[in-house]
Each structure stands twice: as structure tokens, then as C-alpha cells.
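Trainee: Next come a sequence and a model predicted from it.
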Amino acid sequence: MKSLRAELRWAVEAAQGKKAAGVTVLNLAGLGAFTDAFLLCTGFSSRQVQAIAEEIEQELSRHGCEPRHREGYNAGEWVLLDYGFFVVHVFAERARLYYDLERLWRSAPRISLPDFDSAGAAGA
């Protein structure tokens, strides 16, 4: 199995490749959460939300990682890809503001994306 850091990096790069906005990684390790990290990002149309989710799923699949669960794709407002040890949330702008997972998990450290390559999830 690949490291959490590598799989998160692939997912971040895939989201950025589809022009996702507000790409944020929350480190939930040690917070009693059901997963170690959340990747949050935003698309500005339902089609972009779907395209971001598709790209993340395809990129991780190329590396042998398939989601355990996928939901919300058809609506294109909030797509969730559950990889077990991390969960991807691709939101439409209004849905991200409404659900505000950053506020809900405000105690979770953010993994700085400029430092992502050197620190990774384990170093945050």
C-alpha cells in the first residue's frame, strides 16, 4: 500500500490540474476522527465538481487505489470519495460555504500545500 502522503499528493495534484479552488488538506490524525485526513476543494459549476472528482478518482486508480465509497456525483454539489484513510470532498461553492467543514474541524491542523511535498501528512 502506498503511503498516505503519496496518495494525498496525487489527489491534490489531480484537483489542481482541474483548476479546483480552495484546495485544503486537514490532518485529522489523533482527533478521534474516522479517517486521517480530509482533502477539501471547490468547483464553480456542477460539471467542474464532477470533473475534479473524476480526475482524482482516475489518478488514484492509476496508482492502484480505489475508493471504498463514492457519493454525490450525479448532483454535482458535493462529491465524496472515501479512501478509508483519507476522504476527498469536492464541493460546489455554495455547498462548501453551507457545510463549512473547516469550521466543524477547526481543531485539525491544515497541511500547508507549499510545504506538502517536503512535509506530507505525517509531518504536519
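Mentor: Cool, got the structure.

Trainee: Please state the mean pLDDT value computed over stretch 6-26.
Mentor: Stretch 6-26 comes out with an average pLDDT of 95.

Trainee: right, I mislabeled it, should have said stretch 49-67
Mentor: Averaging pLDDT along stretch 49-67 gives 98.

Trainee: Please state the offset of that stretch from the chain centre?
Mentor: 11 Å (CA atoms, centre = their mean, to the nearest Å).

Trainee: ok, residues contacting it?
Mentor: Applying CB atoms under 8 Å, 6 or more residues apart in numbering, the contact partners of stretch 49-67 are 2, 6-7, 10-11, 13-15, 17-18, 20, 39, 41, 43, 70, 73, 76-79, 81-83, 88, 90-92. Using the backbone N, CA and C atoms, a C-beta is placed for each residue, glycine as well.

Trainee: Can you tell me which of these end up in helices?
Mentor: 6-7, 10-11, 13-15, 17 (DSSP state H).
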